[in-house]
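Asks: From the sequence below, what's the structure:
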Amino acid sequence: MAVVVPLKDLTVSNHQPAEFTCVLSKPGQTVTWMQGEHVIPLDDDHYKQEVDGATYKLLIPDASMDMNSKFTVTVDDETMTAQLTVIGKKIAAATGNLNIRIGIRTYTRTSQGTYSHDICYLPPFYPYDSHSPIKFFHISDLYP
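Replies: A predicted model of the protein is given here:
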């Protein structure tokens with residue numbers, strides 16, 4: 001039995017599918033897939049194994065960053081290994097002159113019919129510096 005198309009390293013985004021494929025010279029072979037040192041069972045919830053003739057696939061419908069590792073397929077005495085790299089957003093610790101202020105602006109109608117406003121800042125209270133860079137972000141930026 002010979003390998004026609006070997007496994008290839010994969011790089012995918014966090015929570016995207018990944019698919020390892022290899023093609024052997026003969027169909028009907030018994031293959032064993034492994035992640036690191038752990039054998040992936042046929043009925044695993046996170047992986048799906050498919051065979052189409054001499055093409056063998058390991059599908060990962062929802063690859064996550066904790067799946068970064070080597071994947072191996074073994075057929076008889078032949079072993080192929082490829083790296084899965086899952087990339088995603090990581091939050092770096094804030095350093096330097098960065099002030100984040102979260103607040104609510106309230107408007108109050110006065111007895112004279114005009115409006116006054118106040119900003120109620122939520123803790124923690126960082127000193128305001130008009131020269132500090134201000135960054136607006138959505139909560140989904142923090143939790144990809």
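Asks: what residues does stretch 13-30 touch?
Replies: Contacts to stretch 13-30, defined as Cβ atoms under 8 Å, 6 or more residues apart in numbering, come from residues 1-8, 10, 12, 33, 51, 53-65, 67, 71, 73, 75-76, 80, 82, 84, 86-89, 144. Using the backbone N, CA and C atoms, a C-beta is placed for each residue, glycine as well.
Asks: how does it look with 6 Å?
Replies: 1-2, 4-7, 10, 12, 53-63, 65, 71, 73, 75, 80, 84, 86-88, 144 (Cβ atoms under 6 Å, 6 or more residues apart in numbering).
Asks: Those, buried ones only, as a PyMOL selection?
Replies: Buried members of the contacts of stretch 13-30, defined by 16 or more other Cβ atoms under 10 Å, are picked up in PyMOL with:
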select buried, resi 7+10+12+54+56+57+58+60+63+71+73+75+80+84+86
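Asks: from the contacts of stretch 13-30, which ones fall inside strands?
Replies: Applying DSSP state E to the contacts of stretch 13-30, the entries found in strands are 4-5, 10, 12, 55-63, 71, 73, 75, 80, 84, 86-87.
Asks: Any regions of this structure where pLDDT drops low?
Replies: 1, 89-144 (pLDDT under 70).
Asks: ok, which stretches of it are helices?
Replies: 139-142 (DSSP state H).
Asks: tell me which residues form a beta bridge with residue 87?
Replies: residue 13 (DSSP bridges).
Asks: typed the wrong thing, it's residue 58
Replies: Bridge pairing for residue 58 - DSSP bridges - gives residue 20, residue 49.
Asks: List the contacts of it.
Replies: Going by Cβ under 6 Å, 6+ apart, the list of residues near residue 58 reads 20, 33, 47, 49.
Asks: Could you identify which of these has the most neighbours?
Replies: residue 20 (22 neighbours; other Cβ atoms under 10 Å).
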